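S.K.: Build me a model:
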Amino acid sequence: MSAASGAERVAGRVADVTARLRVGMRRGVLSFPLTSFHADGSLDLDGFRTYLAAQLDSTPGAVFPACGTGEFFSLDEDEYRQVVTAAVEVAAGRMPVVAGTGYGWAQAARFARIAEEAGADAALVLPHYLVNAPQDGLVGQVERLAERTGLPLIVYQRGQVTFDAASVRRIARTPGVIGLKDGHSDLDRLQRLTFAAPDGFLFFNGAATAEIQARAYATVGVPAYSSAVHAFAPEIADAFFAALHGGDDAIVEKLLRDFYVPLVELRDRVPGYSVSLVKAAARLRGRPVGPVRAPLTDPSAAHLAELETLVGTGLGLVGAAR
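M.R.: Modelled structure (predicted):
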């Protein structure tokens with residue numbers, strides 16, 4: 001294959017995945033599934049398949065396995081391969097599969113290679129490990145990864161990763177980089193980033209419990225969002241998405257006031273609850289996801305009781321609205 005034809009093939013793949021993601025982001029929430037573990041902490045691949053099949057019956061806009069909610073940071077490379085492969089098989093082409101990758105660019109490239117071999121459509125570049133870095137370094141991290149994978153990349157700014165407008169222009173010119181997930185919720189900065197990016201560059205709201213800020217993000221042209229709630233209650237996540245995009249402010253505000261805001265208040269009590277509370281809620285609903293792995297810890301009995309009440313409230317609100 002000539003260099004020109006190879007470049008054309010890559011460009012075609014990027015265009016196709018971008019188009020599919022754009023359609024999916026209009027259709028529904030972006031799903032970030034949990035990774036299932038046995039009680040002893042070992043990978044429960046059968047449980048993951050069962051859990052994910054039920055999650056995807058609601059047809060989210062895209063599925064992002066082995067990302068933050070899926071405890072990417074605790075998976076070894078073989079486990080990662082199994083999880084991404086299973087996700088591709090369960091999704092069966094119904095929606096794009098975007099696998100997590102991260103750490104430094106060299107290790108991220110190893111995970112991206114595994115994801116590509118497993119059949120993933122794209123990769124989400126999670127914040128790098130530990131160090132703070134200048135803008136040139138943040139851009140260089142993305143560029144080096146992009147040089148080493150054929151997967152389209154979505155870059156996640158959160159924690160120690162914050163891009164300025166000039167850097168977004170640079171990464172948007174990097175072949176294979178198709179979008180940015182924002183977890184900072186600095187809407188002034190985000191608006192500047194959307195103006196700096198070229199037409200067609202994808203943005204979505206990746207704030208923790210993104211529904212809380214979904215209306216605010218939409219005002220700066222970023223209506224698409226990921227949903228941790230979809231990981232345990234697709235009915236609630238889908239009802240909120242439908243109400244938000246259908247202009248039903250009464251349902252949106254009722255769900256925010258009586259379910260989402262109390263959920264966030266409970267989540268904020270203990271570090272790591274943004275994952276472990278979600279996983280506990282899935283277990284409460286009978287999903288075969290198992291415990292979290294260290295350094296995360298499962299919620300206390302008292303917090304579980306509060307969580308069970310909250311989930312019941314959310315499901316009740318959705319049932320009453322139908």
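
S.K.: In terms of secondary structure, what does the helix-or-strand element of the chain with minimal mean pLDDT contact?
M.R.: When the helices and strands of the chain are scored by mean pLDDT, DSSP states H and E, helix 3-27 comes last with a mean of 85. Contacts defined by 3 or more C-beta pairs under 8 Å, 6 or more residues apart in numbering; DSSP states H and E place helix 3-27 against strand 62-63, strand 177-182, strand 202-205. (Glycine included, C-beta is placed from N, CA and C.)

S.K.: need the next SSE after the longest one, C-terminal direction.
M.R.: The reference is to strand 177-182. helix 187-196 (DSSP states H and E).

S.K.: likewise the shortest one?
M.R.: Using DSSP H and E, the helix or strand that follows strand 62-63 in sequence is helix 77-91.

S.K.: Where does pLDDT dip in the chain?
M.R.: 1-6 (pLDDT under 70).

S.K.: which stretches of it form strands?
M.R.: Assignment of strands within the chain using DSSP state E yields the ranges 30-31, 62-63, 98-101, 122-125, 153-157, 177-182, 202-205, 226-227.

S.K.: Name the residues that touch the longest one?
M.R.: Just to be clear, that refers to strand 177-182. Residues from elsewhere that reach strand 177-182 (C-beta atoms under 8 Å, 6 or more residues apart in numbering): 14, 17-18, 21, 122, 124, 142, 146, 152-158, 163, 168, 171, 190, 193, 197, 201-207, 217, 222, 226.

S.K.: quick one, what contacts the nearest residue to residue 77 once chain neighbours are set aside?
M.R.: Of all residues beyond its chain neighbours, the one nearest residue 77 is residue 114 (6.2 Å), with distances taken as C-beta to C-beta, 6 or more residues apart in numbering. Residue 114 makes contacts with 77, 80, 81, 84, as judged by C-beta under 8 Å, 6+ apart.

S.K.: I'd like to know which of those residues is nearest to residue 29.
M.R.: residue 84 (20.3 Å; C-beta to C-beta).

S.K.: Return the most buried member of the helices and strands packed on helix 3-27.
M.R.: Comparing the helices and strands packed on helix 3-27 by mean neighbour count (mean count of other C-beta atoms under 10 Å), strand 62-63 ranks first with a mean of 28.

S.K.: Run through the residues that contact residue 20.
M.R.: Neighbour list for residue 20: 62, 95, 96, 121 [criterion: C-beta under 8 Å, 6+ apart].

S.K.: mind putting the residues you listed in JSON lines, distance to residue 231 included?
M.R.: As requested, the contacts of residue 20 are exported to JSON lines (distance: C-beta to C-beta, whole Å):
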{"residue": "62", "distance to residue 231": "14"}
{"residue": "95", "distance to residue 231": "15"}
{"residue": "96", "distance to residue 231": "17"}
{"residue": "121", "distance to residue 231": "20"}
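
S.K.: Residue 109 contacts residue 150, correct?
M.R.: No. The criterion here is C-beta atoms under 8 Å, and residue 109 misses it with residue 150 at 11.1 Å.

S.K.: hmm, back to that, state the distance from the residue nearest to residue 77 to residue 12.
M.R.: 23 Å (C-beta to C-beta, to the nearest Å).

S.K.: got it, and residue 188?
M.R.: 36 Å.

S.K.: between the two, which one's more packed in?
M.R.: residue 12 (10 against 7; other C-beta atoms under 10 Å).

S.K.: measure residue 314 to residue 298 for me?
M.R.: Counting by C-beta to C-beta, the gap from residue 314 to residue 298 is 21 Å.
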